[in-house]
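Trainee: no sequence on hand, only this structure:
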């Protein structure tokens, strides 16, 4: 089997940020207050959160400034609670900031963010691991690709709310998001056993979609490029739903209407519980 290659997409961040500024500048006053699929956030809240992402990365990773360290982080749940509170505090504070100022700050910090990640050696140890893929330590390329998925799906939440989501479904923008998120598959399926050599096939439809294959060897699942022959299960996911499934943007019950399952149903349906975000 051919292992999946690293995802090197640093240059794509500049283009993704250009798309963000473009869509935000097109919004009407009413658009900024539209509800998104993130239950607690409207369009302006997500834009503020994206600014927080830029500033937090520049402060902590580039400048080594993390502010007050978190206390009593004893578990993954504690970490998520801490991050959720940070996010909520920031979004609440930005209620007093105008959309125009928010766009200006995103443009300034976005370029600095992109410039910073361009300096990273892709194969050196990252400041943060990709926990949803089961890694306690990650290389920079994976950490950066994970950051791309965060920027992509939050921008798409905005675009979905205002009816401009088609821009990010192209292969250039969507495939890297999916290819990174699907790296969670081996960790997600770690408790599922199978016969030696069994495989599971995952297909996301649409021009920006693709195919991913899990293989079971030596009591572990491995993600590889080669398509399996007679897979144990085959899962086909509608392209417009896949990203929502992986980011808590749709319920398991609703997602079932957009997924086709062949073979072992229980094995295939497990994808409905997978997340490629910190949650």
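Mentor: Nice, thanks for sending it over. Everything quoted here is computed from the prediction, not taken from an experiment. Residues are numbered from 1 along each chain as shown.
Trainee: for the chain, what helix or strand is lowest in average pLDDT?
Mentor: helix 76-93 (a mean of 84; mean pLDDT, DSSP states H and E).
Trainee: right, and residue 66 touches residue 59 too?
Mentor: Yes - Residue 66 lies in contact with residue 59 (C-beta atoms under 8 Å); the separation is 7.4 Å. (Each C-beta comes from the backbone N, C-alpha and C, glycine too.)
Trainee: quick revisit: how far off centre is the least confident helix or strand of the chain?
Mentor: 17 Å (C-alpha atoms, centre = their mean, to the nearest Å).
Trainee: and if you look at stretch 176-185?
Mentor: Centroid displacement of stretch 176-185 relative to its chain, using C-alpha atoms, centre = their mean, is 8 Å.
Trainee: ok, residues contacting that stretch?
Mentor: 4, 7, 9, 12, 130, 132-134, 142, 145-146, 148-149, 152-153, 202, 204, 208-210, 212, 214, 221, 223, 242-243, 246, 274-276 (C-beta atoms under 8 Å, 6 or more residues apart in numbering).
Trainee: which of these count as buried?
Mentor: Those of the contacts of stretch 176-185 that meet the buried threshold are 7, 9, 12, 130, 132-133, 142, 145-146, 148-149, 152-153, 202, 204, 208-210, 212, 214, 221, 223, 242-243, 246, 274, 276, by 16 or more other C-beta atoms under 10 Å.
Trainee: among these, name the ones in helices.
Mentor: 12, 142, 145-146, 148-149, 152-153, 242-243, 246 (DSSP state H).
Trainee: related to what we said a few turns ago, residues of the least confident helix or strand of the chain that come out buried?
Mentor: 87, 90-91.
Trainee: show me the shaky parts of this structure.
Mentor: Within the chain, the ranges that satisfy pLDDT under 70 run 279.
Trainee: hang on, the earlier thing: so of the ones in helices among the buried ones among the contacts of stretch 176-185, which two are at opposite extremes in space?
Mentor: 142 and 242 (19.7 Å; C-beta to C-beta).
Trainee: for residue 264, see how far away the residue nearest to residue 189 when sequence neighbours are not counted is.
Mentor: With sequence-adjacent residues excluded and distances taken as C-beta to C-beta, 6 or more residues apart in numbering, residue 189 is closest to residue 221, at 4.8 Å. Distance, residue 221 to residue 264, by C-beta to C-beta, to the nearest Å: 14 Å.
Trainee: now residue 216
Mentor: Distance from residue 216 to residue 264, by C-beta to C-beta: 12 Å.
Trainee: so between those two, which is more surrounded?
Mentor: residue 216 (21 against 17; other C-beta atoms under 10 Å).
Trainee: residues touching the residue nearest to that one when sequence neighbours are not counted, list them.
Mentor: Leaving aside its sequence neighbours, residue 216 sits nearest to residue 194 (C-beta to C-beta, 6+ apart; 4.2 Å). By C-beta under 8 Å, 6+ apart, the contact list for residue 194 reads 216, 232, 267.
Trainee: residues touching the second one, list them.
Mentor: By C-beta under 8 Å, 6+ apart, the contact list for residue 232 reads 194, 198-200, 263-264, 267.
Trainee: my guess is residue 23 meets residue 163, correct?
Mentor: No - Residue 23 lies out of contact with residue 163 (C-beta under 8 Å); the separation is 10.5 Å.
Trainee: those two - which one has more neighbours?
Mentor: Taking other C-beta under 10 Å, residue 23 and residue 163 do not tie; residue 23 has more neighbours (21 against 9).
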